[in-house]
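Chemist: this is a predicted model, with the sequence first.
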Amino acid sequence: MVWLAGLCALSTAAAAAQEAGARAVILDTVGFWRLHHTLAPPVVETDQGLQTILAVGQKWLQEKTPEPPTDWRKPDFDDTGWLHGPARIAVGSPLVSRLCLRGKFIVTNPKRVRGLKLTVGYYGGAILYVNGTEIARGHLKPGEEGRLGLAETYPEEAYFFGRDGTWEYLTGGKAYEMDRMRTRWLKNVAVPTRLLRRGVNVVAIEIVRPAEHKCVRFEEKRHKRRTPFDLRWCPCTIRHAQLTAAGPGGVVQNAVRPPGVQLWNSNLLANDFALDFGDTAEKLRPVEIVGVRGGSFSGEVVLGSEKAIHGLRTTMGVLRGPGAIPASAVRIRCAVPWGDESGAAGRYPTEPGLLGALAESPPKEIPVRQTTRHWASAKLPLSPKPVFGAVVPLWVTVDVPAYARPGEYKGTLTIRMKGEKPLNVPVRLFVEDWTLPQPQDYRTWVELIQSPDTLVEEYGLKRWSGEHFRMIAKTMEYLNRIGSRILYIPVICHTNIGNEESMVRWIPKADGTYTWDFSIMDRYLDLAEVHMGKPKVVCFWVWETFLFPTADDPKTFEQYRPDRRPARVTDGPEAYIARGPKVTVLDPATGKTENRQLPYLLESKSKTIWSPLFEELRRRMKARGLEGAMMLGTASDVVLRKDHFAFFNEVAPGLPWVNHSHFDVTNVYKAGGAKLGYYTSVMNVWFPGYPEDGRRYGWKREELHAHLRSRWGRDYFPLTTWRHVAEVNITGEQRGIGRLGADFWKAVKDKRGSRVGRVFKKYPESGWRSNDLCSSLLAPGADGPVATVRYEMTREGVQECEARIFIERALTDAKLKVKLGDDLARRCQDALDERIRFMIRGMSNLNLDGYIPGWSTNATICWWNSLTINGHRWFIASGWEGRTRKLYRLAGEVERALKRSQGG
């Protein structure tokens, strides 16, 4: 931690803040702690004794994770790798067997500290320590067996199951009633002054779980895919922690934001919030970044103040090591308010304010952001009110040059602000000896969809103007960096990607046919080849769900349903019954456009309209070298009727289709005489299990099938999921990830200026229900789209996929594996298997629930179906940075071994 006010000034400010007669709050629940979780299968009391509860078929929920080092209670223990945040950031899973917390505070003069007392509320049992010495315990047996055993079991009244067979969970007054019943207390425990020392002191809290009461067993509901226990709460967690003194003398407050400017470190996987502040008892460490040649890699440091920050400027010097990496290869971006993270509100006293978008240049002012209570905010009446401040995470992103030599590089980030002295932050870059392929050569499939209409809506642009195309180009640059290689060309209007107009302009002829103006499409494709790279798929959007109904059968059906039940998919499809889609018609004489409907697809004259269009499209795409990238689209759960398939087979023979649906619909296309060129699905996908049960290599698959993450709340998913969303697919049976939005944020606003929807909501006739495109990895910046933190984590995860694929190519090719030698091959496989184990647990919700089928809590499926906050919080402190560095180092070793075998 860096702070510009002295410790005495902090102590004085704390004293001024105290009301007459009030106690000084030194540490508090809403302050920042370090946490370590030990996970292990729960145990339950039975008439026959204790029984271990094992998750059905989920090995990652059956294993115990490591305990903390034995000296974790000591004040000098290095806890920088532990989870950092307010105390209620703790994992809320019944698998938590032991929770260890460390809260630090500075004593300037032990003799002046008076009446130091510690109060802790918890579930389970607790032991309290100060500087390594136990001062109290509660609800645990005395002696060493208490530490390693179980806390006192809760009575049956502490359990709540809701109505039988429902998903009912605790809400409202009942939730508070149960919380009061479950919370146990150690109140006003006196801290002996003799335990204090000058400098950093540590309060350590050890919480131990109890055995579950036998009432959690529901044997009569036993199912082969269910765990026969209903464990709906975590009986091993922290509810309240507060250290107070009789007065502020001799001790520094560390419960709320201090005065002055602060710098503090942050983990890339832990989102930053406007309510965050630095721990006054922690020193600032260098920003550490690990990377390889040809990739982009980030680290961060957070700047904060209780006052607005003006005139922020950052400069980065040359990174020097085995060579020199120029400052031009380093980008400094500022994280600004955007987005939300599910579960974050519950650990802060007011709405925390996610800082989730990365501005390419500093705002003129970083204001103090005052937030109000969120419905889910922590209700802590004993805690001090938050001190609001100005907070800006600074992201240091290095584009590692292809010529960079391996080794450690050092540099300095200099931060300047109006009215403050410059601050210097050391930066360390570790370059491993391997080179990433160019993004357009990535084997990992990534689909981010660009939205011209979102940019029009957000920035009030004239459609297809020079400024509009400039904004589109900015999005395409982000597509290039992540390796996205698909474009959609709407030939019709009002599709599910929210396009008001068709990109191809239709020009009527006197005989009822058309010619076309392709100038917008051509410019769009030109722009893509410059800023995104040559696309692998160009999908011409010619069909939509509203074309499914007919006059004889006006209902819309989902074709994969064997009973053909109607699908409540669209509003207003009746306007298309026995009529064709809307297209944008151009009057060449005036330049004016309007949307008109074409004739019904099955009318005889439709073939004379559509066949020449595809002939011209083929000619143009062939001239670009993109004829092989042409595909038709786009269907979802509602797939074309057979007569529509027959129509397009005739007017666009041989062109494959793009489909995004819940289930695999390849058989539907085969039945229609068509083929799929690229498809995504929610179901009929496979993800990795534990390696000993068999390994999968989805990246080897020739069929272009990707996973569709079909959830409205996916923008709220934690960063662990985004970092691994590609890897969990390529180590399953999919080529990668599909149908994610790039600049598809909520741009539609109500009269109050609140964001209420994405552009496709303007056209309900093309609704895809839960398959609607409800994600955006970019955000609106001052001058166009900018990256979100989600985007950067996804992109870095894709880079890790490429290193993994490089290694697995050698391991799965018998001739290449021999060249590696036994030792290197073993170390590579062990490292890859280790990644799978940690990834699965980190993407799991770590919950067991007897009411819900096992597949719903299974990490290999459920990571996209629930928000998996528990696994994410555990994963942040699991040493993921070291595993990333090991992966890149091994890729380099494999490359050198293969070159040696070739005599290179």
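Modeler: Received it, and whenever you're ready, just let me know what you need. Residues are numbered from 1 along each chain as shown.

Chemist: please make it C-alpha for all contacts and neighbour counts, starting now.
Modeler: Fine.

Chemist: which residues are in contact with the residue positioned nearest the centre of the chain?
Modeler: In the chain, the residue lying closest to the centroid (Cα atoms, centre = their mean) is Leu719, at 3.1 Å. For Leu719, the residues meeting the contact criterion (Cα atoms under 8 Å, 6 or more residues apart in numbering) are 269-271, 790, 793, 872.

Chemist: and these, which are buried?
Modeler: Applying a neighbour-count criterion of 16 or more other Cα atoms under 10 Å, the buried members of the contacts of Leu719 are 269-271, 790, 793, 872.

Chemist: let's see which of these end up in helices.
Modeler: Judged by DSSP state H, the subset of these located in helices is 790, 793, 872.

Chemist: tell me where the stretch 51-200 of the chain has helices.
Modeler: The residue ranges that make up the helices of the stretch 51-200 of the chain, judged by DSSP state H, counting those that start in this stretch, are 144-148, 172-182.

Chemist: list the buried residues of the last one.
Modeler: Read it as helix 172-182. With burial defined by 16+ other Cα under 10 Å, the residues of helix 172-182 counted as buried are 178-179, 182.

Chemist: now it: average pLDDT?
Modeler: Looking at helix 172-182 alone, the average pLDDT works out to 86.

Chemist: also the first one?
Modeler: Averaged over helix 144-148, pLDDT sits at 60.

Chemist: mind checking pLDDT for Arg596?
Modeler: You'll see Arg596 listed with a pLDDT of 96.

Chemist: same check, this time on the one 10 residues further on
Modeler: In the prediction, the pLDDT value recorded for Ser606 is 96.

Chemist: do I have it right that it meets Tyr600?
Modeler: Yes. Shown here, Ser606 and Tyr600 form a contact pair, counting by Cα atoms under 8 Å, at 7.0 Å.

Chemist: flag the shaky bits of the chain, pLDDT-wise.
Modeler: Flagging of the chain using pLDDT under 70 yields the residue ranges 1-21, 143-148, 162-172, 219-226, 554-573, 710-713, 849-867, 904.

Chemist: what residue spans form the domains of this structure?
Modeler: Taking automatic domain parsing as the criterion, the chain consists of the domains 2-245, 262-435, 440-786, 806-901.

Chemist: so which of those is nearest Gly797?
Modeler: Nearest to Gly797 among these is domain 440-786 (4.7 Å), distances taken as Cα to Cα.

Chemist: straight-line length of that closest one, end to end?
Modeler: Taking Cα to Cα, to the nearest Å, the span from the opening residue of domain 440-786 to its closing residue is 20 Å.

Chemist: the stretch 201-350 of the chain: strands as residue ranges?
Modeler: Secondary structure of the stretch 201-350 of the chain (DSSP state E, counting those that start in this stretch): strands located at 237-245, 261-265, 287-293, 296-305, 309-310, 313-316, 319-320, 324-325, 330-336.

Chemist: the longest one packs against which elements?
Modeler: Meaning strand 296-305. With contacts defined as 3 or more Cα pairs under 8 Å, 6 or more residues apart in numbering; DSSP states H and E, the secondary structure elements packing on strand 296-305 are strand 261-265, strand 287-293, strand 390-399.

Chemist: got the buried residues for stretch 377-395?
Modeler: Residues of stretch 377-395 classed as buried by neighbour count (16+ other Cα under 10 Å): 377-378, 383-384, 386-395.

Chemist: can you redo the residues you listed as CSV with distance to Met630?
Modeler: As requested, the buried residues of stretch 377-395 are arranged in CSV below (distance: Cα to Cα, whole Å):
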residue, distance to Met630
Ser377, 50
Ala378, 53
Ser383, 61
Pro384, 61
Pro386, 56
Val387, 57
Phe388, 54
Gly389, 52
Ala390, 50
Val391, 47
Val392, 44
Pro393, 43
Leu394, 42
Trp395, 39
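
Chemist: show me which pair in these is furthest apart.
Modeler: Ser383 and Trp395 (31.7 Å).

Chemist: need the contact partners of stretch 254-265.
Modeler: Applying Cα under 8 Å, 6+ apart, the external contacts of stretch 254-265 come out as 1-5, 10, 13, 25-32, 104-105, 277-281, 283-285, 287, 300-307, 384, 386-389.

Chemist: actually stretch 501-511, not the one I typed
Modeler: Judged by Cα under 8 Å, 6+ apart, the contacts made with stretch 501-511 from elsewhere in the structure are 489-494, 514-521, 583-588, 595.

Chemist: Arg889 sits in which helix or strand?
Modeler: Mapping Arg889 onto the secondary structure by DSSP states H and E places it in helix 880-901.

Chemist: kindly report the same for Phe614.
Modeler: For Phe614, the element it lies in under DSSP H and E is helix 604-623.

Chemist: name the helices or strands packed onto that helix?
Modeler: Helix 604-623 is packed against strand 514-517, helix 642-651, with contacts defined by 3+ Cα pairs under 8 Å, 6+ apart.

Chemist: and the ones you listed as JSON lines, adding distance to Arg758?
Modeler: Putting the helices and strands packed on helix 604-623 into JSON lines (distance: least, Cα to Cα, whole Å) gives the following:
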{"stretch": "strand 514-517", "distance to Arg758": "28"}
{"stretch": "helix 642-651", "distance to Arg758": "29"}
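
Chemist: nearest to Asp79 among the contacts of Leu719?
Modeler: Nearest to Asp79 among these, with distances taken as Cα to Cα, is Ala270, at 15.9 Å.

Chemist: re earlier: let me know the closest of the contacts of Leu719 to Asp743.
Modeler: Minimum separation from Asp743 among these (Cα to Cα) is found for Arg790, which lies at 12.6 Å.

Chemist: re earlier: could the contacts of Leu719 be laid out in CSV, adding distance to Pro688?
Modeler: Formatted as CSV, the entries for the contacts of Leu719 read as follows, by distance: Cα to Cα, whole Å:
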residue, distance to Pro688
Leu269, 22
Ala270, 25
Asn271, 27
Arg790, 23
Met793, 20
His872, 18
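
Chemist: tell me which of those residues is nearest to Arg209?
Modeler: Using Cα to Cα, His872 is the member of these that lies nearest Arg209, at 20.7 Å.

Chemist: quick one: contacts for the closest one?
Modeler: Contact criterion Cα under 8 Å, 6+ apart gives 718-721, 842-844 as the residues in contact with His872.

Chemist: ok, so what distance separates Tyr604 from Pro653?
Modeler: Slight slip there: residue 604 is Ser, not Tyr. Ser604 sits 17 Å away from Pro653, taking Cα to Cα as the criterion.

Chemist: more neighbours, these two?
Modeler: Comparing Ser604 with Pro653 by neighbour count (other Cα atoms under 10 Å), the higher total belongs to Pro653, at 13 against 10.

Chemist: wait, a strand at the more buried one?
Modeler: No. Counting by DSSP: H, G, I helix; E, B strand; the rest coil, one finds Pro653 to be coil, located in no strand.

Chemist: how near is it to Ala674?
Modeler: As defined by Cα to Cα, Pro653 lies at a distance of 9 Å from Ala674.

Chemist: and Pro42, by the same measure?
Modeler: With distances defined as Cα to Cα, the gap from Pro42 to Ala674 amounts to 52 Å.

Chemist: what does Ser901 give?
Modeler: 46 Å.

Chemist: so between these two, which is more surrounded?
Modeler: In this comparison of Ser901 against Ala674, neighbours counted by other Cα under 10 Å, the higher total goes to Ala674 at 21 against 12.

Chemist: and the more buried one, its phi and psi?
Modeler: Note on Ala674: backbone dihedrals following degrees, to the nearest 10 are phi -120, psi 170.

Chemist: what's the neighbour count on Ala402?
Modeler: The burial metric for Ala402, expressed as a neighbour count using other Cα under 10 Å, is 13.

Chemist: for it, give its distance to Asp433.
Modeler: Ala402 is 11 Å from Asp433, where distance means Cα to Cα.

Chemist: find residues that contact each of the two.
Modeler: With contacts defined as Cα under 8 Å, 6+ apart, the residues shared by Ala402 and Asp433 are Arg293.

Chemist: so Leu413 sits against Met316, correct?
Modeler: Yes. Taking contacts as Cα under 8 Å, Leu413 lies within contact range of Met316: 4.7 Å.

Chemist: could you check how far Ile492 is from Ser901?
Modeler: Following Cα to Cα, the distance that separates Ile492 from Ser901 is 55 Å.
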